[in-house]
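I would like the atomic coordinates for the input below:
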Amino acid sequence: MGPVELKKILHVEDEYDIQTVVKLSLETLGGFTVHTCSSGKEALEDIYNFNPDLILLDVMMPDIDGPAVLEEIRKIEQFQNTPTIFMTAKAQTNEVETYKSYPGVLGIIVKPFNAILLPQEIKELWRNYHGI
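The predicted structure follows:
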């Protein structure tokens, strides 16, 4: 059995404008189903019902930051290995390397991102991660 097909993306982002652009881009151009959460707390509640194939996680958020949210998600057995992509506006090389070292992190998407290319970028990270 090969890797799971990428269909459902949980997007965790506190800025409404970015939520809107990402959802529109990934659903319209990527053909994905996207569930948006505005906070880490909301993500930890909604992840069970949505059961995503991939988590798209903002690094800087007011309540709990992305890495801390991921740490909590990894404590939940069924989501221990759910592939995750961080989104960040602060892409210092050392930070990027740190984020990439978290288990199950496929890569980083830097903001501002190109909404037209976003689905492709995510599919590429997914394929590289799964070696396909």
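
from here on, just use CA atoms for contacts and neighbour counts.
Will do.

what residues are up against residue 72?
residue 44 (C-alpha atoms under 8 Å, 6 or more residues apart in numbering).

buried ones in the helix or strand hosting it?
Assigned by DSSP states H and E, residue 72 belongs to helix 66-74. Neighbour-count burial for helix 66-74 flags 66-67, 69-70, 73-74 (criterion: 16 or more other C-alpha atoms under 10 Å).

ok now the lowest-mean-pLDDT helix or strand in the chain, how far from the chain's centre?
The weakest-scoring helix or strand in the chain, judged by mean pLDDT, DSSP states H and E, is helix 93-101 (a mean of 86). Relative to the centre of its chain, helix 93-101 is centred 15 Å away, using C-alpha atoms, centre = their mean, to the nearest Å.

and the residue nearest the centre of the chain, what does it touch?
Residue closest to the average C-alpha location in the chain (C-alpha atoms, centre = their mean): residue 56, at 1.1 Å. Shown in contact with residue 56 (C-alpha under 8 Å, 6+ apart): 9-12, 84-87.

same thing with residue 65?
By C-alpha under 8 Å, 6+ apart, residue 65 lies in contact with 40, 58-59.

hang on, the earlier thing: report the rounded mean pLDDT for the helix holding residue 72.
The average pLDDT for helix 66-74 rounds to 96.

from memory residue 59 sits against residue 68, does it?
No. Applying C-alpha atoms under 8 Å as the test, residue 59 and residue 68 come out as separate, 9.1 Å apart.
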